[in-house]
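> 3D, please:
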Amino acid sequence: MSLFDMDVIGSQETKAMLKEVARFAAKIMRPAGIELDSLDGVADIFKKESVFWEVWKGYRKLDLHLNGIPEALGGMGEPDWLASILLAERLGAADIGLALSLNASDAAFKCMALFKTPAADKLAGAYCADRDCAMIGALSATCGLDDPDAETGITAEQKGAGWVLNGGEPKVTNGAIATHAVFAVTVREQDGQDGRGFCVVPLGEKGVTVGPSRKRPGQRTLNQAGIRLKDVKIPKGLCAVMGQKEMEEARRKRASGEIRFVSAVYTGAAMGAWEEAAKYAKGRIQGGQPIYFHKNIQLQFFNMLKNLEAARASIRRTAMYQANSASPAPAVFGAAAKCLAAETATLVASEAIQIFGGYGLTKEFPAEKIWRDARIGMIEHGINEDLALHAMAAL
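Alright, predicted model coming up:
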């Protein structure tokens, strides 16, 4: 029995969707992730003829980019909370970097639905109709800040019928491959007071400078780059100005969905590491039997499974509360789920390397790649210690 079979799924539609996703993840996404990770140059990973784009097109062929975008704009609306977790786990088991990259693009266009302007709605609708990856979303790290008063790296000043943007962000997910980016901005009001908001920037506009793709030891399939804006003009409908309370609610809503997906990606990676180690151990004969049946190895597998199930349960509890409550779950529980998921993925992948022995350190087996990818999760989407301290301060 697979670890992925432990959830009770009532909907036949969801079962069919997950079956297709599992096939896509195993047959296309994981092999592509391994191939891309083996490339020396970071630019080679994202070039037009790369298998990177085969993954994106396969993902959109399954209409997975429609989740979370309102039906009125061509999307599928908010998915069932359990289905979204199971989807993220399967993608994470295939490749963490690709899963996070795909999600960031979707999240950028979901964010546009918050604007409720014809210009933003038109972009979100076009994204839903795009199966050829002509539109890619990028998302700045500041979009999920817990503090609505925190200074962002970009300012927006209203001039005439539009906005002028200046500043920059050093780390934008999908920055070097995107067509559109969403930034949290500080709005310079005419009365001298600073407001807050979100802006959509078409990255082909004059004044936009995109830096090179960042080199990373893990999650090499997740594109990140710095973006600078100098007197970039955008129409009025691509900036949503919000009051403090409204901005706080928008950020919290975006962050809660993001942290649920990210957490499930990491537990999915841990599940993938567990199953790869189990497959190897069942085929590795020592002392006349597979090492899987050696007592010390069985204890290792049990402890890995114990930690993994605790992390999965934490995500599900927070998500279930979110789905059945009018108010978001307290930040401390989302932070706990993310921290536990990233730590568990790192731990389980490390234990998998131990079970593989010397082979675990080679690229012939996936354990070392999963560990490199998982370890970044303790820093990415909020350093675990910072998340913990911010969450406790708000408790």
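
> Output the below-cut-off pLDDT ranges for this protein.
By pLDDT under 70, the low-scoring segments of the chain are 1, 10, 144-151, 190-193, 243-255.

> in what helix or strand does the residue positioned nearest the centre of it lie?
Within the chain, one residue has its C-alpha closest to the average C-alpha position: by C-alpha atoms, centre = their mean, that is residue 100, at 3.1 Å. Assessed by DSSP states H and E, residue 100 sits inside helix 96-112.

> what does the helix or strand harbouring residue 90 rub up against?
Taking DSSP H and E as the criterion, the element that holds residue 90 is helix 81-94. Counting by C-beta atoms under 8 Å, 6 or more residues apart in numbering, helix 81-94 makes contact with 4, 7, 9, 11, 14, 17-18, 21-22, 25-26, 29-30, 33, 64, 67, 79, 98-99, 102-103, 260-262, 264-269, 271-272, 275, 312, 315-316, 319-320, 322-323, all of which sit outside it. (C-beta placed from N, C-alpha, C; glycine too.)

> Let me see the contact set for residue 15.
Residue 15 makes contact with residue 9 under the criterion C-beta under 8 Å, 6+ apart.

> Give the buried residues for the helix or strand that contains it.
Following DSSP H and E, the helix or strand that holds residue 15 is helix 12-24. Buried residues in helix 12-24, counting neighbours by 16 or more other C-beta atoms under 10 Å, are found at 14, 17-18, 21-22, 24.

> Okay, buried residues for the next helix or strand after it please.
Secondary structure here is assigned by DSSP H and E; on that basis, the next helix or strand after helix 12-24 toward the C-terminus is helix 30-37. Taking 16+ other C-beta under 10 Å as the neighbour-count basis, helix 30-37 is seen to contain the buried residues 30, 32-34, 36-37.

> Which one of those is nearest to residue 175?
Ranking the buried residues of helix 30-37 by separation from residue 175, with C-beta to C-beta as the measure, puts residue 36 on top at 17.5 Å.

> quick one: the strands in this protein?
Ranges of strands within the chain are 137-140, 154-159, 162-173, 180-188, 194-202, 208-210, 224-235, 239-242, 285-286, 289-290, based on DSSP state E.

> Against which helices or strands is the third one packed?
It stands for strand 162-173. Contact analysis of strand 162-173 by 3 or more C-beta pairs under 8 Å, 6 or more residues apart in numbering; DSSP states H and E lists helix 96-112, strand 137-140, strand 154-159, strand 180-188, strand 194-202, strand 224-235 as its packing neighbours.

> From residue 46, how far off is the spatially closest residue to residue 271 that is not a sequence neighbour?
Leaving aside its sequence neighbours, residue 271 sits nearest to residue 3 (C-beta to C-beta, 6 or more residues apart in numbering; 4.7 Å). Counting by C-beta to C-beta, to the nearest Å, the separation of residue 3 from residue 46 is 32 Å.

> same deal with residue 375?
22 Å.

> just residue 227 next, same as before
15 Å.

> domains of this structure?
Here the domain assignment for the chain is 3-129, 137-243, 246-394, based on automatic domain parsing.

> Settle this for me: residue 52 is touching residue 44, isn't it.
No - with contact defined as C-beta atoms under 8 Å, residue 52 and residue 44 do not form a contacting pair (9.5 Å).

> more crowded one of the two?
Here residue 52 and residue 44 are set side by side on neighbour count (other C-beta atoms under 10 Å), and the busier one is residue 52, at 24 against 12.

> quick one: contacts for that one?
Residue 52 is in contact with 32, 36, 45-46, 98, 221, counting by C-beta under 8 Å, 6+ apart.

> let's see 10 Å
Contacts of residue 52 were listed using C-beta atoms under 10 Å, 6 or more residues apart in numbering, and they are 32-33, 35-36, 39, 44-46, 97-98, 101, 133, 177, 221, 223.

> cool, and residue 367?
By C-beta under 10 Å, 6+ apart, the residues touching residue 367 are 272-273, 276-277, 280, 348-356, 359-361.

> rerun that using 6 Å as the cut-off
Going by C-beta atoms under 6 Å, 6 or more residues apart in numbering, residue 367 touches 352-353, 356, 360.

> mind checking how far stretch 283-293 is from the chain centre?
A distance of 38 Å separates the centroid of the chain from that of stretch 283-293, by C-alpha atoms, centre = their mean, to the nearest Å.

> With adjacent residues omitted, what lies nearest to residue 26?
residue 94 (6.9 Å).

> Burial check on the one you found, number of neighbours?
By the measure other C-beta under 10 Å, the count of residues near residue 94 is 27.

> Equivalent analysis for the one 3 residues further on, please.
Around residue 97 there are 26 other residues, counting by other C-beta under 10 Å.

> Same check on residue 204?
Residues contacting residue 204 under the criterion other C-beta under 10 Å number 8.

> any idea how far residue 229 is from it?
Taken as C-beta to C-beta, the spacing of residue 204 relative to residue 229 amounts to 13 Å.

> returning to that earlier point: farthest pair within the buried residues of helix 12-24?
With distances taken as C-beta to C-beta, the most widely separated pair in those is 14 and 24, at 15.3 Å.
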